[in-house]
Every structure is written in structure tokens, then in C-alpha cells.
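Chemist: Dropping a prediction and its sequence here:
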Amino acid sequence: MNVKNKDEPDINKASSKWFKPEIDKNVLRVLSQRRDLPGWRHITIFFISLIVLGSLCVHFWGTWWFLLFYIAYCTTWGGADAIWHECGHRTAFKTRHLNDFFYYIGGFMNNFEPVRFRCTHALHHNYTASIDPHDFEVDGSIFWQPKNLLDFLVIFVPGMGLLYLHKSLQFEIVQHALGIKTRVMTECIPESKKTQCILVSRVFVSIWIFIVLVSIYMQSFLPIFLFLIPKFFATLNIIWGITQHMGLREDVKDHRQSTRSIRLNPVLSFIYWSMEYHIEHHMFPSVPSYNLPKLHEEIKDQLPKPQSLYQAYKEIIPAVIKKSKDPNYFIPVKLPGI
């Protein structure tokens, strides 16, 4: 039996103040049903792929072939972002403890501290692109104001994030592990969860230290490359993640204006757990990812048409330039019937 913690923010609760498309309640009920099999299929393929690619990295360590397999390994590792997200909504599996277990695994792989993100992601869904309360999860898109185009493009360079550790979520985890009260700790994490957030942060930091010690013992950087820094080279996550909200409107109660859906091929869609249907996900966060394509078909006439990656960046890049000069600029979205 699934028992909900009354102190835990409801990550799947959609505010009644937001625009909602018309959809048959029975259809929505069917689409919201969860199953274990799709989650197991996804998780199994993911970890088998990761183990195979990781083994090839070990085999070719010290050769130029390592770089090729390491890029593939890091790209696959980045798929843990989608695992963390789907399990965070508890929609990857019907069984609650499976969602929670892989939520923590995916959180560690992405350097996303699970307690913190349970709180910020619930806020993100209830107050998408909100200024007050502050939506911490769009700091890198809607609220982010690059100084220039180069400042924006540099985030796509693999490994570049290692040069900005002082601004990273990893640094935030270290701060929480030390008991330092950050802005997100003060504004978003309830008192009942702060101790747990600090404890989990300390576990994460302890594992990081252990990986470094193993690397020193082995006199090899291989453990660090395989288990500590792959997320910094998972550029594919940035490419599609940026499209979710970048350049769109803030403080509006219509996900069609603050969120973007895109089109991906079946392989990328599988890695992304169908989160390219991002408007649909924000409107109905309780619908499992594997049902988002069906949900899209039910409500597509009420939504902006999904864009290709090329079309998305064709409007994002000019918006970045304009927003660097005018912080109030946002991309106007043509809504159906208007």
C-alpha cells in the first residue's frame, strides 16, 4: 500500500489556476495508470548499455579509442537524468519503493540531491517560471541571462562545467553537507526535511571522496572518469534540456507560454523518456512518460505544434541575444485559436 508522507510536497499536483486543455476524464484516468514493466524495460536497457560501454572504456583505457567509447558512455550516463525525473514523479513504476530506489540512484548519477529536488521540482510544477516563489529549476533557462552569445554557447562544450564547480549543484551539495544554509535551503526546503537534506548530501560527498581515494589507491584516473564526472560530459542532456523553457515567458499561468515541446527520433526519445512532450508533462504530471505520446494526440489541437531541435534553437539563440540586452524579453508563442 502506498502511504503518502504528509510533509512531502506533492510533485504531481497540478494547480487549478493554470490553463487546462479539454480532455475526457476517463481517457485521462486510463493514461494516468502506472505499470512496472515499462519501467523495468527502460532501466534494464539503460544499465546493460552503461555496463557494456563502461567495460569498453576500461578495455581501451590509455588509447584514443577510449575517447570514442567514453563519449558514448557519458551520453548514456546522462540518461539517468530522465530516470531521476520519472522516478521522482513516481510514474516510472507502479510500485512506489522501486520509484524511490531508482530516484536516489538517478539523483546520485546526476549530482541531484534527492531531498532538495523533491521540494524544488514540486515547486517547479506548481509555480513554473514563477518569480515569487522562486522557481529554482529554471535558473538555467528562463531566469538565466547570459552576458552574450558566447556565454550561452560555452555550456554545450563537453566538460566545461568542471570549470564552474563553484556555481554548480555539486558545490551546493557540499555546502549542504557542511550545514551551510543556501538560498534554496532557506526558501524551498521545509524545516522537517532540512536534516534529511543535509544527511543525504553528506552521503553523496562521502561517496565522492571514496571514489577519489580508490582512484589514488589504483594510481589511475579511471574510477573518477567512470563514476564521478560523466555528467559533465553528457552534453546531449543540455541540448534537449535547454529547450524545455529557454527564452519563454515567466510568471504566466499557461504552460503553453512557459514550456516547449519538441520532436525527437525514437532513440533519443527513449533516452529522454518521452520528455520531449514537455508541455503535456507539465499540464498532466501524473501521466507516465510512456503515455505522453498518447496524451499529446488527445490534446494536440489545443497546444502549440512541437518543434524540431533546429526550430527550437532557431528561436532560442536570437532570444538569448535579445534577453542579454533586455531582461524582460521573451519569445511570443502563438496559441491555437488566438
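Modeler: Received, thanks.
Chemist: How far off centre is stretch 273-280?
Modeler: 11 Å (CA atoms, centre = their mean, to the nearest Å).
Chemist: Now do the same contact list for residue 194.
Modeler: residue 185 (CB atoms under 8 Å, 6 or more residues apart in numbering). To be clear about C-beta, it is placed using only N, CA and C from the backbone, and glycine gets the same treatment.
Chemist: pLDDT value on it, please?
Modeler: Per-residue confidence (pLDDT) for residue 194: 96.
Chemist: low-confidence ranges in the chain?
Modeler: 1-16, 338 (pLDDT under 70).
Chemist: Spatially central residue for it, please.
Modeler: Compute the mean C-alpha point of the chain, and by CA atoms, centre = their mean the closest residue is residue 81, 5.2 Å away.
Chemist: all helices of the stretch 1-150 of the chain, in order?
Modeler: Counting by DSSP state H, counting those that start in this stretch, the stretch 1-150 of the chain has helices at residues 25-31, 36-59, 65-77, 80-88, 96-110, 114-126, 149-153.
Chemist: can you put these in CSV and add distance to residue 132?
Modeler: What follows is those, written out as CSV (distance: least, CB to CB, whole Å):
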stretch, distance to residue 132
helix 25-31, 31
helix 36-59, 36
helix 65-77, 36
helix 80-88, 24
helix 96-110, 27
helix 114-126, 11
helix 149-153, 26
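Chemist: of the ones you listed, which approaches residue 292 most closely?
Modeler: helix 25-31 (8.6 Å; CB to CB).
Chemist: so what's the residue nearest to the centre of the chain up against?
Modeler: When contacts are counted by CB under 8 Å, 6+ apart, residue 81 touches 106, 110, 112, 234, 237, 241.
Chemist: separation between the residue lying closest to residue 319 once chain neighbours are set aside and residue 261?
Modeler: Using CB to CB, 6 or more residues apart in numbering and skipping residues adjacent in sequence, the residue nearest residue 319 is residue 247, 3.3 Å away. To residue 261, residue 247 is 14 Å away according to CB to CB, to the nearest Å.
Chemist: do the same with residue 33
Modeler: Separation of residue 33 from residue 261 (CB to CB): 22 Å.
Chemist: again, but for residue 243
Modeler: 9 Å.
Chemist: and if you look at residue 181?
Modeler: Per CB to CB, residue 181 is found 37 Å from residue 261.
Chemist: Looking at the two, which is more packed in?
Modeler: The neighbour comparison of residue 181 against residue 261 (other CB atoms under 10 Å) goes to residue 261, with 25 against 12.
Chemist: mind checking which helix or strand residue 212 is in?
Modeler: According to DSSP states H and E, residue 212 maps onto helix 191-218.
Chemist: List the buried residues in that helix.
Modeler: Neighbour-count burial for helix 191-218 flags 193-194, 197-198, 200-202, 204-205, 208, 211, 215 (criterion: 16 or more other CB atoms under 10 Å).
Chemist: what's the spacing between residue 63 and residue 291?
Modeler: 44 Å.
Chemist: What of residue 177?
Modeler: Distance of residue 177 to residue 291, computed by CB to CB: 38 Å.
Chemist: more crowded one of the two?
Modeler: Between residue 177 and residue 291, counting by other CB under 10 Å, residue 291 is the more crowded of the two (23 against 20).
Chemist: Check for me that that one belongs to a strand.
Modeler: No. Applying DSSP: H, G, I helix; E, B strand; the rest coil, one finds residue 291 to be helix, outside a strand.
Chemist: Enumerate every residue touching it.
Modeler: 31-32 are the contacts of residue 291 under CB under 8 Å, 6+ apart.
Chemist: still on that earlier bit, need the contacts of residue 81 in a markdown table with distance to residue 307 and neighbour count, can you?
Modeler: Below are those laid out as a markdown table (distance: CB to CB, whole Å; neighbours: other CB atoms under 10 Å):
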| residue | distance to residue 307 | neighbour count |
| --- | --- | --- |
| 106 | 27 | 24 |
| 110 | 25 | 24 |
| 112 | 27 | 25 |
| 234 | 22 | 24 |
| 237 | 18 | 20 |
| 241 | 15 | 18 |
